[in-house]
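**Q** All I have is the shape, not the residue letters:
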């Protein structure tokens, strides 16, 4: 009994001491805002470090950051929260989702917020350059963790096999064949690994000169270029048997690809620049980074996410969130985020400073990543884009690559499905 | 027998009926209504009639979820029954070793699905997993247990059997310990060997336990989600897309309330039909 009593007093005492702290935080006038994020691992560590620094100044608002699962789980929660009137002030969403949320009226226009016009964002990865006609629309999304697909190469294996970094699809096939190590019927090292995922297929389609959605908004899935892109994966997987589609779906497959590359089970990996620092820090071999092998031309989509404020949130919360968002796009934070993770710096000032202080001279891989900005192709402003990705292409690609179904027929079926309500 | 007051039976039924209405009937009716609309929670609902059902059917999702769930359940239920019974017969003895093994086997049942799934992902890795290496060591071909569309569903079923076999074993053990030893003695005096004793004494006495294990395993297998979510996410090539995971995918990943509701409704009807069938079989057996 006395134990219970003492525990109760301890609990009440703790609560009593915590309450004034809460009051102080909310009574400083700066407010607080909820931020739902999807970063895990290294990126989450960096975000938490930045959040702690933001909170070190008591004049700043309190940002209640909560991990909400991967991008699509988080999106589902955001959408549900909006529907029940409990939307967080801020979250981050993948590029393909921004037009959908914008057309649904879920996003807060940011042009009227203090300093929005002075953000000095890198156009290729800001709203203006990420979407066709993005500059003409109200500002709805601020880039933060933007990335591009990139090729990682195991330097030791490359040297041992005596092959050069592949620059086009033909060279990729040849290099993957040369790098694949077989022991009898088994494959000990796969020459090439790539998540069978929408982003990389879109990159292949762009490289082959196609578009996923045409100018009129019709879902074309790249036409012949789409089939050619899919055929490349099928050839590498089934005919050449030099490509391993990583196990799992969505971001699980990306993680598996990274682990296969790090453990020496794959010599070449196509993945996101988001993994750059993690791969460099954990690889026991020299990691070389290069642009994706090309077909007719070099063109890639930009991946990663944008910060957005949700219109349904309270005004006070949105203002508090905006303060954090602006702080995150200041030069120091942008530089720290980019150099600690592998994401692209989103402001021109940060790029200029990184170039000036010799960062790119010391980090050749980051320099390659930065150079990819010139090849970024805008996404169509299509509210159906993420549906095409989630419902049609990701399952279709998985089926076609794993089962080896006819690429052109599979895409024709996908185009028909895009017309369904 | 007539109640003293006419309203009393209804009063006694009221708590259960209220809960059933609140947590089963109302959601079921809401799902039935939503299945006729196209809705993503953000944009206005659009009435599309039976298009959600048609789309799920034409895309093969309905048939696939149906086939996968039934195949998975059939393997899990029969596997749990057989393994649980075998373990119970083997471990129905006194001694510290048997007690230790019983506890060890049952411990799998209380471990979280997430931990089990992560452990098996490591064991079943197609390249370096212990299971793969053992298979290769005994001359079997290397198999991608979770990456091969032909075997992934059965791999998940085996993992599930491993997880719930301990529970089945405990139920069977309880049943075994309820059998009076005198029956075995009488059977032995009549010259019955071990097989005949099992067929004539043990199995008839264990039938209620077997029915209970079959029912609970069926429920568990129909609820399977964690194991799919963690180990395969429905892949490869939809091979492990079970009903509950397909519903989750439609609503939480594709943002399709209507299609998820349509799947829920079909799933509900499937479960109700199987329950009705099972009740009918049991009642029929009781009547005889």
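**A** Arrived safely, thanks for sending. Keep in mind the model is a prediction, meaning the values are calculated, not measured. Numbering: from 1, shown residues only, chains lettered A, B, ... in the order given.
**Q** So which bits of the stretch 151-288 of chain B are right by chain A?
**A** With C-beta under 8 Å from any C-beta of the partner chain as the criterion, the stretch 151-288 of chain B meets chain A at residues B:232-238, B:251-256. Bear in mind the C-beta positions are built from the backbone N, C-alpha and C, glycine included.
**Q** Buried members of those into ChimeraX, please.
**A** Here is the ChimeraX command that selects only those of those that count as buried (16 or more other C-beta atoms under 10 Å in any protein chain shown):
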select /B:232,233,234,235,236,237,238,251,252,253,254,255,256
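**Q** for the residues of the stretch 151-288 of chain B next to chain A, which one is nearest residue A:338?
**A** residue B:253 (29.4 Å; C-beta to C-beta).
**Q** show me the contacts for the closest one.
**A** Applying C-beta atoms under 8 Å, 6 or more residues apart in numbering or on different chains, we find residue B:253 in contact with A:72-73, A:76, A:390.
**Q** again, 10 Å this time
**A** Applying C-beta atoms under 10 Å, 6 or more residues apart in numbering or on different chains to residue B:253 gives the contacts A:70, A:72-73, A:75-76, A:249-250, A:390-391, A:394, B:233-234.
**Q** Farthest-apart pair in those, please.
**A** A:75 and B:234 (17.9 Å).
**Q** hmm, back to that, now the residues of the stretch 151-288 of chain B next to chain A in TSV, with distance to residue B:187?
**A** Formatted as TSV, these follow (distance: C-beta to C-beta, whole Å):
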residue	distance to residue B:187
B:232	47
B:233	52
B:234	50
B:235	51
B:236	51
B:237	52
B:238	51
B:251	56
B:252	56
B:253	57
B:254	59
B:255	62
B:256	60
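**Q** Pull the contacting residues for the residue lying closest to residue B:263 once chain neighbours are set aside.
**A** Counting by C-beta to C-beta, 6 or more residues apart in numbering or on different chains, residue B:263 lies nearest to residue B:247, which is 4.9 Å off, once chain neighbours are set aside. Going by C-beta under 10 Å, 6+ apart, residue B:247 touches B:31, B:65, B:225, B:259-264, B:266-267.
**Q** give me the element residue A:231 is part of.
**A** Using DSSP states H and E, residue A:231 sits within helix A:223-234.
**Q** and that helix, is it in reach of chain B?
**A** No - with C-beta under 10 Å from any C-beta of the partner chain as the criterion, chain B is not reached by helix A:223-234; the gap is at least 13.3 Å.
**Q** Which parts of chain B are strands?
**A** Using DSSP state E, the strands of chain B run over B:37-38, B:46-47.
**Q** just chain A next, same as before
**A** Counting by DSSP E, the strands of chain A are A:32-37, A:62-67, A:90-94, A:142-147, A:149-154, A:181-183, A:186-193, A:243-244, A:266-272, A:287-290, A:300-301, A:303-309, A:376-377.
**Q** Indicate which one of those strands is closest to residue B:193.
**A** strand A:186-193 (47.9 Å).
**Q** okay, the angle between that closest one and strand A:149-154?
**A** Computed by axes from the mean of the first three to the mean of the last three C-alpha atoms, to 10 degrees, the angle separating strand A:186-193 from strand A:149-154 equals 140 degrees.
**Q** distance between strand A:186-193 and the chain's centre?
**A** Averaging C-alpha positions (C-alpha atoms, centre = their mean, to the nearest Å) puts strand A:186-193 26 Å from its chain's average.
**Q** how about it: buried residues?
**A** Buried-residue list, strand A:186-193, by 16+ other C-beta under 10 Å: A:187, A:189-193.
**Q** Please apply the same query to stretch B:123-134.
**A** In stretch B:123-134, counting by 16+ other C-beta under 10 Å, buried: B:124-127, B:129, B:131-132.
**Q** before we move on, back to that, and the helix holding residue A:231, what does it pack against?
**A** Contact here means 3 or more C-beta pairs under 10 Å, 6 or more residues apart in numbering or on different chains; DSSP states H and E; on that basis helix A:223-234 packs against helix A:169-179, helix A:198-207, strand A:243-244, helix A:394-403, helix A:407-417.
**Q** Pipe these into JSON lines and attach distance to residue B:43 per row.
**A** Formatted as JSON lines, the helices and strands packed on helix A:223-234 follow (distance: least, C-beta to C-beta, whole Å):
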{"stretch": "helix A:169-179", "distance to residue B:43": "40"}
{"stretch": "helix A:198-207", "distance to residue B:43": "22"}
{"stretch": "strand A:243-244", "distance to residue B:43": "39"}
{"stretch": "helix A:394-403", "distance to residue B:43": "22"}
{"stretch": "helix A:407-417", "distance to residue B:43": "20"}
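**Q** looking at those, which is closest to chain B?
**A** helix A:394-403 (4.7 Å; C-beta to the nearest C-beta).
**Q** Please state the mean pLDDT value computed over that closest one.
**A** Helix A:394-403 carries an average pLDDT of 87.
**Q** quick one: the residue nearest the centre of chain B and residue B:214, what's the gap?
**A** In chain B, the residue lying closest to the centroid (C-alpha atoms, centre = their mean) is residue B:221, at 1.7 Å. Distance of residue B:221 to residue B:214, computed by C-beta to C-beta, to the nearest Å: 10 Å.
**Q** overlap in contacts of those two?
**A** With C-beta under 10 Å, 6+ apart, residue B:221 and residue B:214 have common neighbours B:77, B:80.
**Q** ok, back up a step: nearest to chain A among the strands of chain B would be which one?
**A** Closest approach to chain A among the strands of chain B is made by strand B:37-38 (5.0 Å; C-beta to the nearest C-beta).
**Q** Within its sheet, name the partner strands of the closest one and how each one runs.
**A** Strand B:37-38 has the following sheet partners, assigned by DSSP bridges: strand B:46-47 (antiparallel).
**Q** which bits of the stretch 101-250 of chain A sit near chain B?
**A** Neighbours of chain B within the stretch 101-250 of chain A, by C-beta under 10 Å from any C-beta: A:101, A:103-106, A:184-188, A:190, A:196, A:244-250.
**Q** No further questions, thank you.
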